[in-house]
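Undergrad: Need the 3D shape of this:
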Amino acid sequence: MSDVSSSPGSFKSFAYLPGAPDSPVILHVPHSSRAVPADVRAGITLDDAALERELDHITDAHTAKIAEAAAARASLTPWRFVNRLSRLVIDPERFPDEREEMLSVGMGVVYTRTTHRAELRPAGHDGQPLVDRYFRPYAAAMTDAVGERLAALGRAVIVDVHSYPTAPLPYELHGDGPRPPICLGRDDYHTPPKLLAQAEKAFAEFGGTAVDSPFQGAYVPLAHYGTDPRVSALMIEIRRDVYMSEPGGPAGPGLDALADAVARLVEAVGAGTEG
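TA: Numbers count the residues shown, from 1 in each chain. As a prediction, this is how the structure comes out:
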C-alpha cells in the first residue's frame, strides 16, 4: 500500500493501493470518508449534530468496503485510489473552474452549502487554501496513477464507485429523473459502448440500470480529459437502499452482492479492450 499525505502530520488524506501489474483498472472511491480535519472543521458553520446529519446525507457510505471486497474477489486485482477525507473538505471530482455546474448550488471543489442548501461555510469563504492543500495533490497523484497504467499497458480504465440516496435531496440538479438500483454515468469521449455494456451485464441482477440518471458523467484527470482515448471511464452510482440503511446507517447483505458485481466488471474489463 502506498499512502500519500497532503496535510501536515501523520494524517493520510488519500491512498493508492496497488493491484496486479497487468490490470488496467483503477477503482476510484472519492466520497466514502467522513473524516474532516480539526482545522477544516473550524471553518464549517454547522454545529456538531448538524454536521453529523450532513455527513450522513453526503457520504457515499461503505463504498470503500465495496471496492476493497471487489478487489479481493477479482482474479486480476484492480488498483484502488481511495479518498480518506470527506468531500466536505474538498470534492476531488469537481471541475476547479467555471465548467462546474454544481457551483450553482454552492458545491464546487469546496462546498459552501449543504445537501439541503443551508449554509455550510460563511459567505465570502476563501476555499483556495483547501484547493492548494488537498485538491491539487490529489489530482496530481490520480494523474500519476493513470499515467502508470498507460505506461505499463497502453490503457487505463477508471471505475468510480459511488452511492446515492433513494429519495432526491434538494441539492440535486437532475433529481427528477429515474432513480434505478444502479446508475451508470458515462462520458461521450471516455466511455466506450462496450464498457457500458459490460457494466450493464455485471449489474443485471439488481433490478435495473439507467444511464446518466440521476447523476451524469465519469471522472478523468484533467491532463487526459477529452484528449486521450487510451483512458476509459465509467461511474457506478449505487442506490443506497440496495445495500445499507439510510441515511448513514450500517451496511447490509447487499454489499457482498455488489462487491461480486464490481469484481465481474473488473474481470471483464481486464480481459481485453473495452472499445
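Undergrad: Pull the contacting residues for the one residue sitting closest to the centre of the chain.
TA: Residue closest to the average C-alpha location in the chain (C-alpha atoms, centre = their mean): residue 30, at 3.7 Å. Going by C-beta atoms under 8 Å, 6 or more residues apart in numbering, residue 30 touches 60, 83, 87, 91, 92, 93, 160, 162, 219. Every C-beta, even on glycine, is put in place using the N, C-alpha and C of the backbone.
Undergrad: Return the backbone torsion pair for it.
TA: Taking degrees, to the nearest 10, you get phi -90, psi -20 for the backbone angles of residue 30.
Undergrad: Now do it against residue 200, distance only.
TA: Distance of residue 30 to residue 200, given as C-beta to C-beta, to the nearest Å: 23 Å.
Undergrad: on that earlier part again, what's the distance between the residue nearest to the centre of the chain and residue 99?
TA: Counting by C-beta to C-beta, the gap from residue 30 to residue 99 is 18 Å.
Undergrad: number of nearby residues for residue 229?
TA: Around residue 229 there are 12 other residues, counting by other C-beta atoms under 10 Å.
Undergrad: I misspoke; the intended subject was residue 225.
TA: Residue 225: 15 surrounding residues under other C-beta under 10 Å.
Undergrad: Show the end-to-end separation of stretch 172-179, please.
TA: Here the two ends of stretch 172-179 are set 12 Å apart, with distance taken as C-alpha to C-alpha, to the nearest Å.
Undergrad: and it, how far from the chain's centre?
TA: Computed by C-alpha atoms, centre = their mean, to the nearest Å, the chain-centroid distance of stretch 172-179 equals 18 Å.
Undergrad: Go ahead and name everything in contact with whichever strand or helix holds residue 51.
TA: Secondary structure from DSSP states H and E places residue 51 in helix 48-58. Outside helix 48-58, the residues within contact range by C-beta under 8 Å, 6+ apart are 31, 34, 36, 41, 44, 46, 86-88, 114-116, 120, 165, 169, 247-248.
Undergrad: Can I get that helix as CSV, trimmed to CA atoms?
TA: Provided in CSV are the C-alpha atoms of helix 48-58 (Å, rounded to 0.1, in the frame of the first residue of the first chain):
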residue,chain,number,x,y,z
ASP,A,48,-21.7,19.1,15.7
ALA,A,49,-25.1,17.4,15.4
ALA,A,50,-26.0,19.1,12.2
LEU,A,51,-22.6,18.2,10.7
GLU,A,52,-23.2,14.6,11.6
ARG,A,53,-26.5,14.7,9.8
GLU,A,54,-24.9,16.3,6.8
LEU,A,55,-22.2,13.6,6.7
ASP,A,56,-25.0,11.0,6.8
HIS,A,57,-26.5,12.5,3.6
ILE,A,58,-23.4,13.5,1.7
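Undergrad: Next secondary structure after it?
TA: Counting by DSSP H and E, the element after helix 48-58 in chain order, helix or strand, is helix 63-73.
Undergrad: buried stuff in the helix holding residue 51?
TA: Of all the residues in helix 48-58, those buried under the rule 16 or more other C-beta atoms under 10 Å are 51, 53, 54, 55, 56, 58.
Undergrad: Pick the one among the residues you listed closest to residue 19.
TA: The shortest approach to residue 19 among these belongs to residue 58, at 28.2 Å (C-beta to C-beta).
Undergrad: Check the gap between the closest one and residue 152 for me.
TA: Taking C-beta to C-beta, one finds residue 58 at 35 Å from residue 152.
Undergrad: and what of residue 178?
TA: Between residue 178 and residue 152 the computed distance is 38 Å (C-beta to C-beta).
Undergrad: and what of residue 104?
TA: Separation of residue 104 from residue 152 (C-beta to C-beta): 40 Å.
Undergrad: neighbour-wise, which of these two wins?
TA: residue 152 (13 against 10).
Undergrad: Cool, thanks, signing off.
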